[in-house]
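Colleague: got a sequence here, can you model it:
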Amino acid sequence: MKTIQFACNHAPDFNQFDTLIVPVGQQGTLPSLASELPQYAALASLVHDLFESGDFLGKVAKTLLLVRPAGFDVQRILLVGMGDLATLSVKNTLSALKAAADALDHCGTVNALNACVLVNPNETNQAWSVQQNAQVFQKSFYDYAHESRGATPLKDPKLNTMTFTCEATAQNLAAVQQGQATALGMALTQELANMPSNFCTPSYLADTAVQLGNEYGFEVTILEREQMIEMGMGSFMAVAQGSHTPPKMICLSYKGSDAQTAPIALVGKGVTFDTGGISLKPGEAMDEMKYDMGGAATVLGVFKALGQLKPDLNVVGVIPATENMPSGNAIKPGDVVTSLSGQTIEILNTDAEGRLILCDALTYTQQTYHPAKIIDMATLTGACIIALGHHVSALMGNNQALVNDLLSAGLATYDRFWQMPLGEEWDEQLKSNFADMANIGGRPGGAITAAQFLARYTKDVPWAHLDIAGTAWVSGANKGATGRPVPALVQYLMQQARG
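Modeller: The predicted structure is shown next:
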């Protein structure tokens with residue numbers, strides 16, 4: 001994906017740019033920009049006149065493109081409605097930025113080469129503003145480009161440089177870098193998840209990890225089926241045994257701090273296609289089960305961003321990757337398997353496979369890397385979509401400080417989480433007459449019982465679980481991966497690095 005060159009300049013010469021992007025409030029006013037910005041008075045007068053004439057009211061996410069406006073040397077001015085500047089919300093800000101990015105892409109400014117974005121120099125959240133600008137505009141360049149499309153990508157962006165009207169402070173420059181790195185990580189996550197499952201196999205995910213390792217210096221280890229059987233990963237291997245496609249345990253290690261510092265572990269579910277196994281899913285929309293590796297794609301996307309940002313902390317990523325297929329060798333309802341932890345599991349539904357591969361990955365992560373914290377992410381349950389819809393991801397965990405930090409990161413990026421409860425009350429639903437536990441707990445509280453299952457494998461470490469089944473992709477005419485929750489996780493890790 002093409003990358004934009006971003007810069008900060010407190011008082012640039014507008015004549016250097018072919019496109020000027022101007023935020024406008026709903027009263028036809030500009031933010032309180034510093035008077036030293038060139039042509040500020042002329043801009044304010046222009047915006048006021050457009051408001052008075054009713055041609056542009058500054059409503060949220062509305063845009064107006066002015067080509068060769070009189071009195072300005074700049075070729076284009078793109079006005080972007082921000083709504084009420086006094087009560088501007090994160091949602092409204094991001095909606096406006098996305099509208100501006102769409103306008104650059106679709107409204108005749110596709111030939112814009114270098115743009116200037118007016119940012120209020122006196123904003124207390126100036127760094128946040130430039131971070132979100134960088135992320136949104138860089139992300140707008142993403143277009144599914146894999147060979148499976150069989151044609152040239154639809155997008156052909158011309159924009160090369162974008163300058164923000166703010167001081168080039170260390171904080172602002174770091175914010176711009178984080179925004180752009182997050183967008184690049186999201187693009188990798190989207191690309192992997194959007195690929196057909198006959199291309200994006202467990203081996204393809206492993207190859208992607210190796211490529212990231214070669215590019216950024218990550219240590220990468222790939223475990224094969226025979227190794228995992230020998231280790232005793234009976235739960236993970238039970239899911240994998242129904243497919244001829246080889247499973248992989250993909251491990252990446254980023255070392256940005258001293259070797260004595262315990263890492264933060266990210267564990268991502270990597271079911272590259274989920275038929276449900278013997279408990280076969282309905283045929284309708286089954287093609288979307290290629291997205292069941294959204295957790296794995298998220299881990300790789302976050303590592304892409306880590307490679308760009310190089311924060312001062314240690315992070316490991318662990319991805320159990322497999323298909324879940326029906327076959328003569330597939331696991332059956334009623335089978336009992338032994339997990340790597342030694343706990344036995346009665347398989348009541350083979351479509352509850354995500355927790356079966358994650359439990360062994362969680363145990364392996366603790367045994368191998370001794371992490372300070374573990375965050376797992378998975379397109380785990382349809383019950384989560386029923387509970388929360390498609391706007392926020394579910395968050396559960398055994399450590400409230402970790403949960404609070406993730407909630408904060410989600411709010412800062414508007415890649416939001418909603419905490420759901422855990423507790424021994426839900427353990428009752430996982431009881432089995434023939435094993436230590438069953439792999440499902442019935443319809444009530446399905447997202448909670450899935451997390452409660454995983455909690456049995458994370459008792460000795462601070463742990464959080466993200467159920468991203470409702471947010472990792474969208475269906476319908478705009479079907480495709482979202483790149484979530486890469487923004488929130490990158491924000492969380494950068495907060496941890498800053499202490």
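
Colleague: ok, longest strand in this structure?
Modeller: Longest strand in the chain, counting residues (DSSP state E): strand 314-324.

Colleague: now for the helix or strand just after it, which elements pack on it?
Modeller: Toward the C-terminus, strand 314-324 is succeeded by strand 336-338 as the next helix or strand (DSSP states H and E). Under the contact criterion of 3 or more Cβ pairs under 8 Å, 6 or more residues apart in numbering; DSSP states H and E, strand 336-338 touches helix 234-240, strand 344-346. Backbone N, C-alpha and C define where each C-beta goes, glycine included.

Colleague: wait, residue 140 sits on residue 105?
Modeller: Yes. Between residue 140 and residue 105 there is a contact under Cβ atoms under 8 Å: 6.1 Å.

Colleague: next, show the common contact partners of those two.
Modeller: Residues touching both residue 140 and residue 105 by Cβ atoms under 8 Å, 6 or more residues apart in numbering: residue 157.

Colleague: ok so, going back, can you list the helices and strands packed on strand 336-338 in a markdown table and add distance to residue 337, mean pLDDT and mean neighbour count?
Modeller: Formatted as a markdown table, the helices and strands packed on strand 336-338 follow (distance: least, Cβ to Cβ, whole Å; pLDDT from 0 to 100; neighbours: other Cβ atoms under 10 Å):
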| stretch | distance to residue 337 | mean pLDDT | mean neighbour count |
| --- | --- | --- | --- |
| helix 234-240 | 4 | 98 | 26 |
| strand 344-346 | 5 | 98 | 21 |
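
Colleague: for residue 467, find the nearest of those.
Modeller: helix 234-240 (18.2 Å; Cβ to Cβ).

Colleague: what helices or strands is that closest one leaning on?
Modeller: Using 3+ Cβ pairs under 8 Å, 6+ apart: helix 234-240 touches helix 225-231, strand 314-324, strand 336-338, helix 354-369.

Colleague: hmm, who's touching the very next helix or strand once past that helix?
Modeller: Going down the chain from helix 234-240, the next helix or strand is strand 248-255, by DSSP H and E. For strand 248-255, contacts defined as Cβ under 8 Å, 6+ apart pick out 202-203, 205-206, 209, 212-213, 216, 218-224, 228, 233, 236, 263, 270, 296, 299-300, 303, 306-307, 314-322, 361, 364, 368-369.

Colleague: ditto for stretch 112-119
Modeller: By Cβ under 8 Å, 6+ apart, the list of residues contacting stretch 112-119 from outside reads 12, 14, 16-23, 30-31, 33, 37, 76, 104, 126, 129-130, 133, 158-166.

Colleague: and residue 33, how far from residue 49?
Modeller: Distance from residue 33 to residue 49, counting by Cβ to Cβ, to the nearest Å: 18 Å.

Colleague: assumed residue 162 was part of a helix.
Modeller: No. Judged by DSSP: H, G, I helix; E, B strand; the rest coil, residue 162 forms no part of a helix; its state is strand.

Colleague: check contacts around it.
Modeller: When contacts are counted by Cβ under 8 Å, 6+ apart, residue 162 touches 4, 5, 6, 7, 114, 115, 116, 117, 133, 134, 137.

Colleague: repeat that for 7 Å
Modeller: 4, 6, 115, 117, 137 (Cβ atoms under 7 Å, 6 or more residues apart in numbering).

Colleague: in helices, which of those residues fall?
Modeller: residue 137 (DSSP state H).

Colleague: for the contacts of residue 162, work out which two are farthest apart.
Modeller: Spanning the widest gap among these are 4 and 117, at 11.2 Å by Cβ to Cβ.

Colleague: neighbour count winner among those two?
Modeller: residue 117 (25 against 20; other Cβ atoms under 10 Å).

Colleague: which strands and helices sit next to the least confident helix or strand in the chain by mean pLDDT?
Modeller: Ranked by mean pLDDT, DSSP states H and E, the weakest helix or strand in the chain is helix 90-106, scoring a mean of 89. Here helix 90-106 touches strand 63-67, strand 76-83, helix 126-139, going by 3 or more Cβ pairs under 7 Å, 6 or more residues apart in numbering; DSSP states H and E.

Colleague: list the buried residues in it.
Modeller: 92, 93, 94, 95, 96, 97, 99, 100, 101, 103, 104, 105 (16 or more other Cβ atoms under 10 Å).

Colleague: got it, and stretch 128-145?
Modeller: Buried residues in stretch 128-145, defined by neighbour count with 16+ other Cβ under 10 Å: 128-145.

Colleague: of all the helices and strands packed on helix 90-106, which lies closest to residue 400?
Modeller: helix 126-139 (25.2 Å).

Colleague: which helices and strands does the closest one pack with?
Modeller: Helix 126-139 sits against helix 90-106, strand 161-164, helix 170-194, with contacts defined as 3+ Cβ pairs under 7 Å, 6+ apart.

Colleague: who's in contact with the following helix or strand past the last one?
Modeller: Using DSSP H and E, the next helix or strand after helix 170-194 towards the C-terminus is helix 202-216. Helix 202-216 is contacted from outside by 192, 218-220, 222, 245-248, 250, 252, 270, 272, 293, 296, 300, 303-304, 307, 319, 321-322, using Cβ under 7 Å, 6+ apart.

Colleague: how about a cut-off of 8 Å?
Modeller: Taking Cβ under 8 Å, 6+ apart as the rule, helix 202-216 contacts 188, 192, 195, 218-220, 222, 245-248, 250, 252, 254, 270, 272, 293, 296, 300, 303-304, 306-307, 317, 319, 321-323.

Colleague: rewinding a little: can you lay out the helices and strands packed on helix 126-139 as JSON lines showing distance to residue 433?
Modeller: Below are the helices and strands packed on helix 126-139 laid out as JSON lines (distance: least, Cβ to Cβ, whole Å):
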{"stretch": "helix 90-106", "distance to residue 433": "49"}
{"stretch": "strand 161-164", "distance to residue 433": "63"}
{"stretch": "helix 170-194", "distance to residue 433": "39"}
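
Colleague: ok so, going back, more neighbours: residue 33 and residue 49, which one.
Modeller: Ranked by neighbour count (other Cβ under 10 Å), residue 33 and residue 49 place residue 33 first, with 19 against 12.

Colleague: the more buried one contacts residue 166, correct?
Modeller: No. Using Cβ under 8 Å, residue 33 is not in contact with residue 166, being 10.3 Å away.
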